[in-house]
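*Asks:* can you look at this prediction? I've put the sequence above it.
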Amino acid sequence: MTTALPPVVSRQEWLAARKALLAKEKEATKVRDRLNAERRRLPMVRVEKDYVFTGPDGELSFAELFEGRRQLYVHHFMWRDEIDSGCPSCTAAAHLNFTPQMLSHLHSLDITFAAISRAPAEKVLAYKQKNGWTFPFYSSHGSDFNYDMHASLDESRQPVEYNYLSKQELNSRGFTDDMLTGDWAANSVFLRDGDTVYHTYSAYARGLDHLFTPYNFIDFTPYGRQEPWEDSPQGWPKQGAVLG
């Protein structure tokens, strides 16, 4: 099957079309700026539970995860029970983004980064060592942390909720009860005032896809991500999701 091509036009016609798209891109940038401004004005919720996390040096309190900084960005590192291993997509993101250079930049803005998984500490630390990672990676095993953040779904631990939708709402969107279990894509942000920790933000599903760095390049290309859900012209290649 021959892959379709964009229409061929004169340079003048292309420039007119590009300028029309540029106007929309600028508006999207302004919308993003307004969203970021609203995000900075969100209220926050005090974290009441005494969560305990385990790292290479033993147990830590929530406040200790901040490493003395005021802000904490948490990547809820998914664990795949069917393979008893870290999620391939989270692993790819870790190799690309959770680098010393990225952490250094966050630290300069008073932000600590940490990956947290519900898997037992020995599995988390072994997976970290296997991949040669140096970023903070903790286990929340035994606590309600992942379930309270709705990054892990288990109705026996917490009523099912994902991306701010109830189980009934998720069911109505085609998610069966069997699907609504295990770990799902999520990141959360916290603010520390002394030893008091506040939850300020969590995002889920496609609210996170711009954090997968290749998308920022791929979206500029003619064929895009080639995912089945994308609105592309007839004949454009479709290869399935890049990020599972």
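*Replies:* Perfect, thanks for sending it.
*Asks:* could you break this protein into its assigned domains?
*Replies:* 11-39, 48-211 (automatic domain parsing).
*Asks:* how far does the longest one stretch from start to finish?
*Replies:* When you say that, I think you mean domain 48-211. 29 Å (C-alpha to C-alpha, to the nearest Å).
*Asks:* can you give me the strands for the chain?
*Replies:* With DSSP state E as the criterion, the chain has strands at 45-46, 52-55, 58-61, 71-76, 79-80, 85-86, 111-117, 137-139, 152-153, 161-162, 165-166, 182-183, 186-193, 196-204.
*Asks:* out of those strands, deepest packed?
*Replies:* strand 137-139 (a mean of 24; mean count of other C-beta atoms under 10 Å). The C-beta positions use only the backbone N, C-alpha and C, and glycine is treated the same way.
*Asks:* tell me what that strand is packed against?
*Replies:* strand 52-55, strand 111-117, helix 121-131 (3 or more C-beta pairs under 8 Å, 6 or more residues apart in numbering; DSSP states H and E).
*Asks:* just list what the last one packs against, helices and strands only.
*Replies:* Going back to what we said before, that points to helix 121-131. strand 52-55, helix 88-97, strand 137-139.
*Asks:* buried residues, that helix. List them.
*Replies:* Using 16 or more other C-beta atoms under 10 Å as the test for burial, helix 121-131 gives 121, 123-125, 127-128.
*Asks:* now the strands of the chain as CSV including distance to I218 and mean pLDDT?
*Replies:* As requested, the strands of the chain are exported to CSV (distance: least, C-beta to C-beta, whole Å; pLDDT from 0 to 100):
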stretch, distance to I218, mean pLDDT
strand 45-46, 35, 98
strand 52-55, 34, 98
strand 58-61, 37, 97
strand 71-76, 21, 98
strand 79-80, 24, 97
strand 85-86, 23, 97
strand 111-117, 24, 98
strand 137-139, 27, 98
strand 152-153, 29, 98
strand 161-162, 26, 98
strand 165-166, 28, 97
strand 182-183, 25, 98
strand 186-193, 20, 97
strand 196-204, 20, 97
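*Asks:* which one of the ones you listed lies closest to A17?
*Replies:* Across the strands of the chain, the minimum distance to A17, taken as C-beta to C-beta, is reached by strand 196-204, at 33.0 Å.
*Asks:* between that closest one and strand 186-193, how many degrees?
*Replies:* Interaxial angle, strand 196-204 versus strand 186-193 (axes from the mean of the first three to the mean of the last three C-alpha atoms, to 10 degrees): 160 degrees.
*Asks:* top helix in this structure by residue count?
*Replies:* helix 11-40 (DSSP state H).
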